[in-house]
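Q: give me the fold of what follows.
(2 chains)
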Amino acid sequence: MSTKYADVRGCAAYYYYTGRTTLPDVVPDFSRGRKLLLLHAAGSNGHSWHYQYDHLGNRHSPIAPDLPGHGRSSGVEGLRTIQDYADFAAAFLDQLKIDSAVIAGRSMGGAVAMDFALRHPGRVQALVLIATAAKFNIPKERIDGWHAVTMGRASQPFTNDGYSPRTIAQRPEVIREGWGEQIRTDPRVRWTDLVACSQVDLREQIARIDKPTLILAGADDVVTPPADAEFIKGRIKGSRLQVFADAAHNLTTEKPDEANIAIENFLAELK
Amino acid sequence: MSFNLSHKAALAGVYEHPARFAPDKSMFQIMAESVRGALDDAGLTIKDVDGVCTAGMGMGAMGIVGFCDYMNLTPNFLDGTNIGGSSFVAHTAHAAAAIHAGLCNVAVVVYGSNAASARFAIGTGGGGGGGDPCDQYEFPYGPTTVGAYAMIAQRHMHDYGTKPEQLAEIAVTMRHHASMNPVAKYRDPITVEDVLASRLISSPLHLLDCCIISDGGGALVVTSAERARDLKKKPAYIIGAGETARHAARGQRDFLEIAAHQSGRLAFERAGVAHKDIDMAMIYDSFTITVLTTLENLGFCKRGEGGAFVAGGRLRYDGELPINTDGGGLSSNHPGMRGIFLVIEAVKQLRGECGPRQVKDCKIALVHGTGGALGTRHSGATLILTNQ
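A: Residues are numbered from 1 along each chain as shown, chains lettered A, B, ... in the order given. Next up is the predicted model:
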């Protein structure tokens, strides 16, 4: 794994990739296999994809940025809308001299990927949509709860909500790692991300997407339940859905091997 | 010996680094960018610089020499005085004296830090120091910076009936100012209720009574008054200065008499101005109580009357005594040591460069920095500046 900064519209955007390091301002080599842009979830960061880029990097060129205000990218605020994040992703690819790529996203990142595919179709080779929804159903209390954190009324919640009962019972280290990722981003950014997610509705538009699409969902996901994935499958013609048992919203860390194999097979089949 | 530094030196260039979270930059990089900004502001170049003043949390004891290496500077005057967050206020006076004495011609005062992205525990971690003999009597009891300031707030409330609402008003005013500063870290307005509803960090100080943690930096260019008059921007003349330290005083210490009491008196005497002449003040706001106690000790109000004094919008940019018009450490930025920003904003106010938060007819500004922690060992440095 290597890391680097790219100047994207004044934001020093940190990103994880595989392969050789290069001097500052020299774009690394992304010629191995498919270029795969990995877009993280609300309040998360590019490192949350480490199981994916470590594995997929053997044959492909995964690139996982920290979105503005997240992780090690500069700025104290996130962007306000899913569209803004999609535009950021386009500018980020410009900076890396990448015309088109396979766009993968988890949760908020999945919505960003879909919006990106709708507005920049020429730059999308295929989509991988993980634990995401065309319209998020985020309880108001959850959004208000994070707002209370930003106002100093509450301390950050560290919950098991994004994990399956099996993960909770047998792999607490996965959850601890998730909490470790959570504290790498200001709670205010997570709050505005959740607001952005709650405002986006792509249910109508995604029928226009005509790219090869792989949808991954966790059977135990209560944040974006499998029904959300079923809905996307019904709207995007030719899309394929894989539901993982004993996995939930964080299926990429709960079931990394299974998710990696699914993505790898999907990439191998692309023409 | 009488003070003869009034109008001898001036601030010719200032620059506040806009970064609030810059994990891509090193401390020296932020400092170098700040120096370039301040020199551009003055219309000078790095070749003009023959004096360097700096101190920092992230640098070693000889960090100033390392910074000269980084910048490839071989100055004739160095001041690495580190008395905490007030250091840069003191540096400004030291640089003025050095220039007047002929030790150098153009001095830069600079600070930079990546406190936020490097995750320094500034307020809730151990207080500054730790290696000095006197620390052995306090450190075993686990004092924190916020705890020391909270003790001052408790004492003030106990002695004078000061209310949490009155302290909260200071935070609300700073946030209002920050809302007019596009680079401030926190710009959404807050209310007194918001401050009181935020969780207690160290009783009676709530989260919103405490300064934020950010990355950032800034730089000042000090030169002779004569030279400053020929440069790009209108000079801000140094007319008065004072500095001192406060400590346990062999157990005889009066907690509510802070360093500002002495440094402020000296600065006023030396400048030959009165409190009513001050058009705006930049007061180190590590915590809301810092502002209240400092205003009392500088003599803007009587001791014990600070609670009433800060109420009713008096400290707003359009009030009777505008304070911290940039949003202060409570809302704009606080990269560990904030003194440099106090001077920068005061100079911008004197030049009339502050846009919507500009104080009308601003001719004389006071700057007071506190370093260390009130309630234990701390320093105070006061400056009085004018554009006249």
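
Q: give me the contacts around whatever helix or strand residue A:88 lives in.
A: Take DSSP states H and E as the rule and residue A:88 turns out to sit in helix A:82-95. Residues from elsewhere that reach helix A:82-95 (C-beta atoms under 8 Å, 6 or more residues apart in numbering or on different chains): A:6-9, A:11, A:13, A:15, A:27, A:37, A:39, A:65, A:67-68, A:79, A:99, A:101, A:103, A:108, A:111-113, A:115-116, A:119-120, A:123, A:196-197, A:199-200. To be clear about C-beta, it is placed using only N, CA and C from the backbone, and glycine gets the same treatment.

Q: would you indicate which residues of that helix are buried?
A: For helix A:82-95, burial by neighbour count (16 or more other C-beta atoms under 10 Å in any protein chain shown) applies to A:82, A:83, A:84, A:85, A:86, A:87, A:88, A:89, A:92, A:93, A:95.

Q: how about the residues of the stretch 101-250 of chain A by chain B?
A: With C-beta under 8 Å from any C-beta of the partner chain as the criterion, the stretch 101-250 of chain A meets chain B at residues A:151, A:152, A:153, A:154, A:155, A:186.

Q: ok, the fifth one - contacts?
A: In this structure, residue A:155 makes contact with A:149, B:199, judged by C-beta under 8 Å, 6+ apart.

Q: and the residue of the stretch 51-200 of chain A nearest chain B?
A: residue A:152 (3.2 Å; C-beta to the nearest C-beta).

Q: got the contact list for that residue?
A: Residue A:152 neighbours (C-beta under 8 Å, 6+ apart): B:197, B:198, B:199, B:206, B:207, B:208.

Q: and the residues you listed, which are buried?
A: Applying 16+ other C-beta under 10 Å to the contacts of residue A:152 flags B:197, B:198, B:206, B:207, B:208 as buried.

Q: from those, which land in strands?
A: Among these, the members falling in strands (DSSP state E) are residue B:206.

Q: max pairwise distance over the buried ones among the contacts of residue A:152: which two?
A: Comparing all pairs in those by C-beta to C-beta, the longest separation belongs to B:197 and B:207, at 9.6 Å.

Q: and the contacts of whatever helix or strand comes next after the helix holding residue A:88?
A: Sequence order places strand A:101-106 as the next helix or strand after helix A:82-95, per DSSP H and E. Strand A:101-106 is contacted from outside by A:34-41, A:44, A:48, A:52, A:63, A:89, A:93, A:111-114, A:116-117, A:123-132, A:252, A:263, A:267, A:270, using C-beta under 8 Å, 6+ apart.

Q: ChimeraX command to pick out the buried ones of the residues you listed?
A: Buried residues among the contacts of strand A:101-106 (16+ other C-beta under 10 Å), as a ChimeraX selection:
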select /A:34,35,36,37,38,39,40,41,44,48,52,63,89,93,111,112,113,114,116,117,123,124,125,126,127,128,129,130,131,132,252,263,267
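
Q: model confidence for the residue of the stretch 51-200 of chain A closest to chain B, exactly?
A: As predicted, residue A:152 sits at a pLDDT of 95.

Q: that one and residue B:171: what is the separation?
A: 11 Å (C-beta to C-beta, to the nearest Å).

Q: and the pLDDT at whichever residue of the stretch 51-200 of chain B sits closest to chain A?
A: Across the stretch 51-200 of chain B, the shortest distance to chain A (C-beta to the nearest C-beta) belongs to residue B:198, at 3.2 Å. Confidence at residue B:198, expressed as pLDDT, is 97.

Q: isn't it right up against residue B:208?
A: Yes. If you go by C-beta atoms under 8 Å, residue B:198 and residue B:208 touch, sitting 4.4 Å apart.

Q: shared neighbours, the two?
A: With C-beta under 8 Å, 6+ apart, residue B:198 and residue B:208 have common neighbours A:151, A:152.

Q: related to what we said a few turns ago, can I have the buried ones of the contacts of helix A:82-95 as a PyMOL selection?
A: In PyMOL syntax, the buried subset of the contacts of helix A:82-95 is picked out as below (16+ other C-beta under 10 Å):
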select buried, chain A and resi 6+8+11+13+15+37+39+65+67+68+79+101+103+108+111+112+113+115+116+120+123+196+197+200
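
Q: so which of the contacts of helix A:82-95 are in strands?
A: Among the contacts of helix A:82-95, the members falling in strands (DSSP E) are A:6, A:7, A:8, A:11, A:13, A:15, A:37, A:39, A:65, A:101, A:103.

Q: would you mind measuring from the last one to residue A:253?
A: Read that as residue A:103. Applying C-beta to C-beta, the value for residue A:103 to residue A:253 is 20 Å.

Q: could you grab the helix/strand/coil label for the residue of chain A positioned farthest from its centre?
A: Of all residues in chain A, residue A:153 has its C-alpha farthest from the mean position, at 29.0 Å, by C-alpha atoms, centre = their mean. When classified by DSSP: H, G, I helix; E, B strand; the rest coil, residue A:153 comes out as coil.

Q: now it. Nearest residue, chain neighbours left out?
A: residue B:197 (5.3 Å; C-beta to C-beta, 6 or more residues apart in numbering or on different chains).

Q: got a list of what that neighbour touches?
A: By C-beta under 8 Å, 6+ apart, the contact list for residue B:197 reads A:151, A:152, A:153, B:206.

Q: what's the closest of those to residue B:217?
A: For the contacts of residue B:197, the nearest to residue B:217 is residue A:152 (26.2 Å; C-beta to C-beta).

Q: now the closest one, what are its backbone angles?
A: phi 80, psi 10 (degrees, to the nearest 10).

Q: look up how far residue B:167 lies from it.
A: Where residue B:167 is concerned, residue A:152 sits at a distance of 14 Å (C-beta to C-beta).

Q: do I have it right that residue A:49 meets residue A:62?
A: Yes. The pair residue A:49 / residue A:62 is scored as a contact, 7.2 Å apart, by C-beta under 8 Å.

Q: of those two, who's got more company?
A: Each of residue A:49 and residue A:62 has its neighbours counted (other C-beta atoms under 10 Å in any protein chain shown); residue A:62 has more, 30 against 27.

Q: contact partners for the residue lying closest to that one once chain neighbours are set aside?
A: Nearest non-adjacent residue to residue A:62, counting by C-beta to C-beta, 6+ apart: residue A:53, 4.0 Å away. Contact partners of residue A:53, counting by C-beta under 8 Å, 6+ apart, are A:1, A:16, A:17, A:18, A:38, A:62, A:63, A:64.

Q: what does chain B put close to chain A?
A: Residues of chain B that fall close to chain A, judged by C-beta under 8 Å from any C-beta: B:19-25, B:117, B:185, B:190, B:194, B:197-199, B:206-208, B:214.

Q: now the residue in the stretch 1-150 of chain B positioned nearest to chain A. Nearest residue, chain neighbours left out?
A: Going by C-beta to the nearest C-beta, chain A is nearest to residue B:24 of the stretch 1-150 of chain B, at 3.7 Å. Excluding the flanking residues, the one nearest residue B:24 by C-beta to C-beta, 6+ apart is residue A:12, at 3.7 Å.

Q: residue B:83 now?
A: Per C-beta to C-beta, 6+ apart, closest to residue B:83 is residue B:379, 3.7 Å.

Q: buried residues of the helix or strand the one you found falls within, list them for me.
A: Using DSSP H and E, residue B:379 sits within strand B:378-386. For strand B:378-386, burial by neighbour count (16+ other C-beta under 10 Å) applies to B:378, B:379, B:380, B:381, B:382, B:383, B:384, B:385, B:386.

Q: hmm, which two among these are most spread apart?
A: B:378 and B:386 (27.2 Å).

Q: now for the residues of the stretch 101-250 of chain A next to chain B: which two are most distant?
A: Longest span within these, C-beta to C-beta: A:153 and A:186, 16.0 Å.
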